[in-house]
Every structure is written in structure tokens, then in C-alpha cells.
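Colleague: Quick one, what's the 3D model for this:
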Amino acid sequence: MPKRLERHAAIDEIENVLCTLDLLAIVAPQLKRKRTLWKWALIAAHDALQAAVICAIADTTGTNVLKKKSAAEMLTWLEKMDGEPPKEWMEEFLELIKKANLKMNAVEQKQVKKLHFFRNTFVHFTPQTFWLGTAELPLVIGTTLELVAKLMESDRVRIRFTGNKKRRLSTDLEGVRSALARITA
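Modeller: Predicted coordinates:
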């Protein structure tokens, strides 16, 4: 590897899913002992799900995951490639979930909405004491993991997924599932 690249981390959309699951796999075994880490587990689960949706549905221009106005501006710029590219604005999380056409039952839909609520509460934290009931959180994160796994099996991901990355995904998913099972036991 060239010296100039040794100090950089390359994160594409697949690596984004994997590095977020790496974090979740580190945090999950500690959740029973350190309840405040649920904050980071929920943020990581949300990030993994959004990143997996992006991997599964992004077209070759990457514009179908953007808000409509942002996508139109980017497509116009891509036609001419003149000047600076426009700022890209990602579509809202729940809209991305709809675009992914995930087959979810009512319970899974409820868990995804809870995940999104918790993530927004933590990322946009206002002065408050937020009481987080942890009994339901293994189900929220477990549902999220199943959706991530399903999305990462999509054709758009599979063609770019190396054996090492598949193993890493599998190892992280299994590690988090196991940690969650110990919490609920």
C-alpha cells in the first residue's frame, strides 16, 4: 500500500454496513452490565439498517437514494460535469425503507419505527432525562439485524461482496444475536 494511503480508511457503502456491525458486535456483549450503551447499540443498528438499504437499492448514479430535488440536481450535474457537484441530501430513513420494498409484518414495522424514534432522540438530544426501557430493545435490534441480513443478500450487494466480507457480516450478526440472547435469557 502506498505510504500516502496508510493513514486513510476506505469506507464504501458495504464497508459502512460492516464497520457499523463491528461496533454493534463490540457493544452488544456489554449491554446487560452497562445499560447506557443501549444508546450506541440503537444508533449503530439504525446506521446499519440505513446503510444496508443504500447498498440494496442504490442505482449506478446513486441518485435514487437522494431527496427528489437533490437527485434532480445531481443528475443534471452528471450530464454536464461542469463546475462543482451539488450538495447531496439523503432521502429520509422511513422513505428509504419504503423504497427498499422490504416485506415486513406489523411487528417488524413497529420495531423499525421504534428504532428510528430512539435514534432520532439520541442524535438530536435535547436537555432532558430520557428513560429508556431496555426490555423491548433486544427485539428492536434483533428485528433490525434480520432486515440487514436480508438486504445484504440482494443482487446489488452479492455481486460486490467478497468472501471475507460475507464472513465478517456473518460473524458480526451471530455475535450480536448471541449477546442479545444472553440478555433475554
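
Colleague: what about stretch 126-145, average pLDDT?
Modeller: Taken as a whole, stretch 126-145 carries a mean pLDDT of 88.

Colleague: cool, stretch 45-58 as well?
Modeller: Mean per-residue pLDDT for stretch 45-58: 96.

Colleague: How about stretch 66-85?
Modeller: 92.

Colleague: Go ahead and flag the most central residue of this protein.
Modeller: residue 48 (2.0 Å; C-alpha atoms, centre = their mean).

Colleague: tell me the contacts of that one?
Modeller: 17, 20, 21, 24, 144, 145, 148 (C-beta atoms under 8 Å, 6 or more residues apart in numbering). Heads up, the C-betas are built off the backbone N, CA and C, glycines and all.

Colleague: Quick check: chain neighbours aside, which residue is closest to residue 24?
Modeller: Nearest residue to residue 24, sequence neighbours excluded (C-beta to C-beta, 6 or more residues apart in numbering): residue 44, at 4.2 Å.

Colleague: What of residue 94?
Modeller: Spatial nearest neighbour of residue 94, chain neighbours left out: residue 116 (6.3 Å); criterion: C-beta to C-beta, 6+ apart.

Colleague: continuing past the helix or strand hosting the one you found, what's the next helix or strand?
Modeller: Per DSSP states H and E: residue 116 is located in helix 106-123. For helix 106-123, the following helix or strand on the C-terminal side (DSSP H and E) is helix 137-151.

Colleague: Buried by neighbour count: which residues of that next one qualify?
Modeller: 137, 138, 139, 140, 141, 142, 143, 144, 145, 147, 148, 151 (16 or more other C-beta atoms under 10 Å).

Colleague: Please find the angle between the direction vectors of it and helix 106-123.
Modeller: Helix 137-151 and helix 106-123 are oriented at 110 degrees to each other (axes from the mean of the first three to the mean of the last three C-alpha atoms, to 10 degrees).

Colleague: what helices or strands is the helix or strand following helix 137-151 leaning on?
Modeller: Reading on from helix 137-151 to the C-terminus, the next helix or strand found by DSSP H and E is helix 155-158. Applying 3 or more C-beta pairs under 8 Å, 6 or more residues apart in numbering; DSSP states H and E, one finds that helix 155-158 contacts helix 38-57.

Colleague: Can you name the residues in contact with the next helix or strand after the helix it packs on?
Modeller: On the C-terminal side of helix 38-57, the nearest following helix or strand under DSSP H and E is helix 68-80. Residues outside helix 68-80 that contact it (C-beta under 8 Å, 6+ apart) are 61, 62, 63, 64, 66, 83, 85, 86, 87, 88, 89.

Colleague: Kindly give a single ChimeraX line that selects the buried subset of the residues you listed.
Modeller: To isolate the buried members of the contacts of helix 68-80 in ChimeraX, using 16+ other C-beta under 10 Å:
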select :63,66,86
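
Colleague: All set, thanks.
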